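*Asks:* show me how the following folds:
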Amino acid sequence: MAFISRILVILMPYALAQQFTGFVSSYEYFDLSASCLRTLNTTLECSGRLASHANFESHRVDVLDADGIATICTAECRQSMEDLRSRIESDCDPKNDLLDHGLTLFPATHILDRYIYTYEISCYTDRDSGEPCDSILGTWRNQTDDGPHDCHDCILGPMEIEVNSEIGHTEDRAIEFQAAVLSCSKTGYTYTQPSTHSTASAAPAESTIAALGWSAQRMSADCASTYHVRDGDTCERISAEQSVSSKGLIEANDVINGWCNGLEAGQELCMPAKCDVHFIQPGDSCESLGEKYGATPKDLQDWNPLMYIQCDDFEYTKSTYVCVGRSFHYQEELHICDSSARYRNNDFSV
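*Replies:* Numbering: from 1, shown residues only. Okay, the predicted model is just below:
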C-alpha cells in the first residue's frame, strides 16, 4: 500500500511565544538549560491578543483598533515584560541557551523582544496630546482628504522605534528616517544603529518608502482590496467568495482571531491578494493537491507564507481554505524616497 503523506499546518504565532493566559506554548524542543526553560515558561500579565498581534515573519506592525489598544496597552503588561526580560538575561546562558527560529539562532530574549517591539509601536502615544497613535492613524484612514501627516509624531515616533530596534532596522529605513526628521526640522528624535544578535546575516533591506507611505502601509496592512461584512458572513464564506486563504484573511484583520471570532456585519475588512483556493478536508494530502492543481509542496508553502505546511505523516485537523494557485495578479506601487547618502552615519540626533 502506497505511503500517503498528509498535510500538517501549524499556526506560527502560537508556536513561538512566552506564555500567555490561554496561549500555552512548548519550549521543550529547544535545547535549553533547566533554569532558562523554567523562566521562559513564565506567564506574562498580558492579553493573549498581543500573542496574535505580533508578527514573527516581518517587522511590520499592523494598526490596533480601540479594543486592541485597551486590551494590549496596559502598564501591567509592559512591566511584566520588562521584569521577565531581566530574569531571562539572568537565568539563561547567552552562549548556550539559544532559540532556533527560521534556521537562525537567537538569544533567549528574542521571542519576548518581539512582543516588546510590537507593544512599543502599537502603544506609542502622541507627544503632544498623549492620545494613542494607533487611534490617530485609524482616524486618518477614515478621512477623505489627503492632508499631509509626514511630520507628525505618530509617524516619526514609531519609525524611531523601528530603526533603533534590531528587529525593525534596515539601512534604507534608517536613511529614510534621518532624512524625514531633517526635512521636517524636528528635534528630539535619535538614531543609533542597533547591534545584531542573530548568528545569521541581516535580511536584505526593503525598498525605501516615504514617511506617508510608511503610515499607509501600517494602516492598510496587506490590503489588496476591502470587503464589507454582511449578515450571515463567516470566514469560510468570505474566503470562498473572495478567493483568499483563511489564514491570510485572519492575519490581515486584527479584529478576527484564529477561530474567526469578532466578525460582525458592517465591518470593513482588509483583503489579502486573491488566489485559487481549496477547502482542506479529511483525506487531502500533498499528493492529492498536486494531482488536482499541479502544486508542489514548495508551491503550497510559497502561496501560503503565513502557514507552516509540512507534508508528513500527520493529518490536518482544522478545515480551512488554502491557496493552491495564483491566477490572480496584483501590482503594488511603492513611493520611492530618494534619500541622500550623506545621512549614512551610524549615530544621529537632533
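
*Asks:* the strand or helix carrying I121 - contacts with which helices or strands?
*Replies:* Using DSSP states H and E, I121 falls within helix 110-122. With contacts taken as 3 or more Cβ pairs under 8 Å, 6 or more residues apart in numbering; DSSP states H and E, helix 110-122 sits against helix 48-53, helix 66-72, helix 75-91, strand 98-101, helix 153-163. (Each C-beta comes from the backbone N, C-alpha and C, glycine too.)

*Asks:* comparing those by mean pLDDT, which bottoms out?
*Replies:* Of all the helices and strands packed on helix 110-122, the minimum mean pLDDT falls on strand 98-101 (a mean of 76).

*Asks:* any residues touching the helix holding I121, and which ones?
*Replies:* 16-18, 40, 44, 46, 50-51, 53-56, 59, 61, 63-64, 68-69, 72-73, 77-78, 81-82, 84-85, 88, 99, 101, 134, 158, 161-162, 165-168, 197-198 (Cβ atoms under 8 Å, 6 or more residues apart in numbering).

*Asks:* any stretches of the stretch 251-350 of the chain with poor pLDDT?
*Replies:* Counting by pLDDT under 70, the stretch 251-350 of the chain contains low-confidence residues at 306-319, 327-350.

*Asks:* 90 - rerun?
*Replies:* 251-264, 266-273, 280-290, 295-320, 322, 326-350 (pLDDT under 90).

*Asks:* show me this protein divided up by domain.
*Replies:* 10-123, 131-220+339-350, 225-325 (automatic domain parsing).

*Asks:* need those domains in CSV (columns: mean neighbour count).
*Replies:* Shown next, in CSV, are those (neighbours: other Cβ atoms under 10 Å):
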stretch, mean neighbour count
domain 10-123, 17
domain 131-220+339-350, 16
domain 225-325, 17
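
*Asks:* just how off-centre is stretch 284-298 within its chain?
*Replies:* Relative to its parent chain, stretch 284-298 has a centroid offset of 28 Å by Cα atoms, centre = their mean, to the nearest Å.

*Asks:* what's the first-to-last distance across it?
*Replies:* End-to-end distance of stretch 284-298: 17 Å, with Cα to Cα, to the nearest Å as the criterion.

*Asks:* show me where the stretch 251-350 of the chain has helices.
*Replies:* 286-293, 297-303 (DSSP state H, counting those that start in this stretch).

*Asks:* D233 is nearest to which of those?
*Replies:* helix 297-303 (23.9 Å; Cβ to Cβ).

*Asks:* so which elements touch that closest one?
*Replies:* helix 286-293, strand 308-312, strand 321-325.

*Asks:* and these: which comes nearest Q301?
*Replies:* Across the helices and strands packed on helix 297-303, Q301 has its closest neighbour in strand 308-312 (5.3 Å, Cβ to Cβ).

*Asks:* residues in contact with E131?
*Replies:* Applying Cβ under 8 Å, 6+ apart to E131 gives the contacts T125.

*Asks:* measure it to D100 for me?
*Replies:* Using Cβ to Cβ, to the nearest Å, one gets 40 Å for the distance from E131 to D100.

*Asks:* could you do S129 as well?
*Replies:* Counting by Cβ to Cβ, the gap from S129 to D100 is 43 Å.

*Asks:* can you map out the strands along the stretch 151-300 of the chain?
*Replies:* Taking DSSP state E, counting those that start in this stretch to define them, one finds strands in the stretch 151-300 of the chain at 190-192, 225-228, 268-271, 276-279.

*Asks:* contacts for the second one?
*Replies:* Outside of strand 225-228, the residues within contact range by Cβ under 8 Å, 6+ apart are 238, 242, 266-271.

*Asks:* pull the most distant pair out of these.
*Replies:* Within these, Q242 and G266 form the most distant pair, 17.0 Å apart (Cβ to Cβ).

*Asks:* between the two ends of stretch 135-153, how far is it?
*Replies:* Start-to-end, stretch 135-153 (Cα to Cα) is 13 Å.

*Asks:* actually stretch 114-131, not the one I wrote
*Replies:* 23 Å.

*Asks:* use 49 as the first number for this chain going forward.
*Replies:* Okay, residue one is now 49; in that scheme the one you just asked about reads as stretch 162-179.

*Asks:* returning to what we had before: now render the helices and strands packed on helix 158-170 as a markdown table, adding distance to Y163.
*Replies:* Below are those laid out as a markdown table (distance: least, Cβ to Cβ, whole Å):
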| stretch | distance to Y163 |
| --- | --- |
| helix 96-101 | 6 |
| helix 114-120 | 10 |
| helix 123-139 | 6 |
| strand 146-149 | 13 |
| helix 201-211 | 14 |
